[in-house]
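Visitor: build me a model:
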Amino acid sequence: MTAPAPIEKPDLYVLARLLERLWREDRPMLRTHLQVAVNLNFDILTKYLGWMSERDWVEFQENDGHQLVSITVRGREVYAKLVQVMNEVLRQDL
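Guide: Take a look at the predicted model:
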């Protein structure tokens with residue numbers, strides 16, 4: 001099986017949705033549960049998680065043959081910044 005093509009320009013809204021869902025969990029999530037929670041195609045989810053893992057925003061754990069994903073401290077910091085920027089942008093009058 002070949003690795004998925006890398007993401008060139010990630011969608012900030014998708015990143016925020018993924019980070020938010022992981023932030024709200026008190027334990028690591030199965031990738032399929034995360035996929036359903038954020039309504040993403042599994043291949044796209046895999047690309048985003050790989051991109052986020054390279055930046056230390058998420059980490060993976062193996063448990064009983066399943067791969068679990070959780071948000072890192074760095075991921076929590078990034079999520080807080082994304083929320084702040086998105087709130088500032090969306091609140092501005094055009």
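Visitor: packing partners of the top helix by length along the chain?
Guide: Assignment by DSSP state H gives helix 73-91 as the longest helix of the chain. Applying 3 or more C-beta pairs under 8 Å, 6 or more residues apart in numbering; DSSP states H and E, one finds that helix 73-91 makes contact with helix 12-24. Backbone N, C-alpha and C define where each C-beta goes, glycine included.
Visitor: direction included, what does the helix or strand following the helix it packs on pair up with?
Guide: Note on helix 12-24: by DSSP states H and E, the next helix or strand toward the C-terminus is strand 29-30. Sheet partners assigned to strand 29-30 using DSSP bridges are listed as strand 66-71 (antiparallel).
Visitor: show me what the strand it pairs with is in contact with.
Guide: For strand 66-71, the external contacting residues (C-beta atoms under 8 Å, 6 or more residues apart in numbering) are 19, 22-23, 25, 27-31, 34, 49, 57-62, 79.
Visitor: mind giving me the ChimeraX select for these, buried ones only?
Guide: The ChimeraX selection below is limited to those of the contacts of strand 66-71 classed as buried (16 or more other C-beta atoms under 10 Å):
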select :19,22,28,29,31,34,49,57,58,79
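Visitor: so the longest helix of the chain versus helix 12-24, what angle?
Guide: Orientation of helix 73-91 against helix 12-24 (axes from the mean of the first three to the mean of the last three C-alpha atoms, to 10 degrees) gives an angle of 130 degrees.
Visitor: what comes into contact with helix 73-91?
Guide: So helix 73-91 is in contact with 12-13, 15-16, 19-20, 22-23, 52, 55-58, 71, going by C-beta under 8 Å, 6+ apart.
Visitor: contact partners for the most centrally placed residue in the chain?
Guide: Geometric centre of the chain, nearest residue: residue 18, 3.4 Å, by C-alpha atoms, centre = their mean. For residue 18, the contact set (C-beta under 8 Å, 6+ apart) comprises 34, 38, 40, 45, 48, 49, 52, 58.
Visitor: and the two most separated of these?
Guide: 40 and 58 (13.9 Å; C-beta to C-beta).
Visitor: residues near residue 6, how many?
Guide: Using other C-beta atoms under 10 Å, residue 6 has 10 neighbouring residues.
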